[in-house]
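What follows is a predicted structure for the sequence shown.
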Amino acid sequence: MKRKSLKIILGTILTSLLIIFSSCQPVPNSETVTIRTAYSTWVEESFQTNIVNIGLEKLGYKVEKPQQIQYPAIYISIANGDLEYSTIYYQPSHEKFFENAGGKEKLEKVGILTPEGIAGYQIDKKTAEKYKITNIQQLKNPEIAKLFDWDKDGKANLVGCDAGWACELNINHQIEAYELENTVEHNQGQYSILLVDAITRYKQGQPILYFAYNPHWISAILKPGKDVVWLEVPFTSLPDMRNITEKDTLLDGKNIGFSRTQQRIVANKKFLEANPVAKRWFELVEIPVADMNAESLRIKEGEDKPEDILRHAQEWIKNHQQLYDGWLETARQSTI
């Protein structure tokens, strides 16, 4: 009996050791695959990219240092096979970039990396209440528009998006659709720098008008409902209205003009077909919006060097280790 029990115990230990050993091994053939990626000038995307890349390395892939280029070029590079994937697909606002690069024939959207993002126009609450401003179309009134005229050219200065971002097209479209061309100016440059200027003006008690999206550090500094308010739009109008209705652009019963967004991974279709483990990994990784807002604020406050953001990603993984390891183990089960 003792000898039989000892064999059972030894067998159990050996089995456990084999499971642990196998879980630490790279996926067969993955070590021969090099993965290239990129993110945009919005440096927060490097945080998500690091979280994804660390997992890919644990799965045995060789991952090159990410590039930093504009959105249209990222999509084209993935479609052409010069990059394997990116974390930058914002649904639905990036659909044109996706289609212009070759669409479903060359690209595939994978997973839900960051769910429930929102976007729209915000003004400071003080000005909104004093002048009873609730709708962006009220800026057709030159007297209302002048409240937000920073450069004294007679037009409201709207802090908008970087050139090449999808929201640039949406804002320009809406300025025309809501007949605001004569009273509103879309200020463009580096979005984060323009927002810092807006915050300075806010602290000085001056009116501010800006395009906001979440996740972003702006919502951690100028809090909706307390410091700023969302402006409604007169009706839903976007450059691409396929599969979008007014219901999609409502926030707490208000039409804020932009549909809820989800950040997803976009990847080369052939790469995904040849690498089911990487595809499954892309499907599993998810980062809460609150965590992205917190990361965005850390970057804004000066922890913005590549080594800082890599450390943030490593800390995030450590704080979610059990979940992260579970994703890895699930991905390892996906073989050709």
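Now that the structure is in, tell me what you want to look at. Numbering: from 1, shown residues only.

can you pull out the helices in the stretch 151-300 of the chain?
With helices called from DSSP state H, counting those that start in this stretch, the stretch 151-300 of the chain shows them at 166-177, 191-203, 218-221, 269-274, 276-284, 289-300.

and the shortest one, C-alpha only, in CSV?
Going back to what we said before, that points to helix 218-221. Only the C-alpha atoms of helix 218-221 are listed here, as CSV (Å, rounded to 0.1, in the frame of the first residue of the first chain):
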residue,chain,number,x,y,z
ILE,A,218,-8.5,65.6,-19.8
SER,A,219,-11.4,63.8,-18.1
ALA,A,220,-9.3,63.3,-14.9
ILE,A,221,-8.6,67.1,-14.7
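
residues in contact with stretch 229-248?
With contact meaning C-beta atoms under 8 Å, 6 or more residues apart in numbering, stretch 229-248 is reached by 92, 95-96, 120-123, 125, 128, 133-137, 169-170, 173-174, 177-178, 224, 249, 251, 254-260. In short, each C-beta sits where N, CA and C put it, glycine included.

switch to 6 Å and redo it
95, 120-122, 125, 128, 134-137, 169-170, 173, 177, 249, 254-257, 259 (C-beta atoms under 6 Å, 6 or more residues apart in numbering).

Tell me the bridge partners for residue 210.
For residue 210, the beta-bridge partners under DSSP bridges are residue 122, residue 159.

Ok, which of the helices of the stretch 151-300 of the chain comes nearest residue 112?
Counting by C-beta to C-beta, residue 112 lies closest to helix 276-284 out of the helices of the stretch 151-300 of the chain; the figure is 8.6 Å.

Counting by contacts, list what the closest one packs against.
In this structure, helix 276-284 makes packing contacts with strand 107-124, helix 321-332, judged by 3 or more C-beta pairs under 6 Å, 6 or more residues apart in numbering; DSSP states H and E.

Format the ones you listed as a markdown table; extra columns: distance to residue 188 and mean neighbour count.
Listed next are those as a markdown table, based on distance: least, C-beta to C-beta, whole Å; neighbours: other C-beta atoms under 10 Å:
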| stretch | distance to residue 188 | mean neighbour count |
| --- | --- | --- |
| strand 107-124 | 15 | 21 |
| helix 321-332 | 38 | 15 |
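
averaging pLDDT over each of those, which comes out lowest?
Ranked by mean pLDDT, the helices and strands packed on helix 276-284 bottom out at strand 107-124, which scores a mean of 92.

Beyond that one, next helix or strand please.
helix 125-131 (DSSP states H and E).

contact partners of that following helix?
207, 228-229.

What is the least confident helix or strand in the chain?
helix 2-24 (a mean of 43; mean pLDDT, DSSP states H and E).
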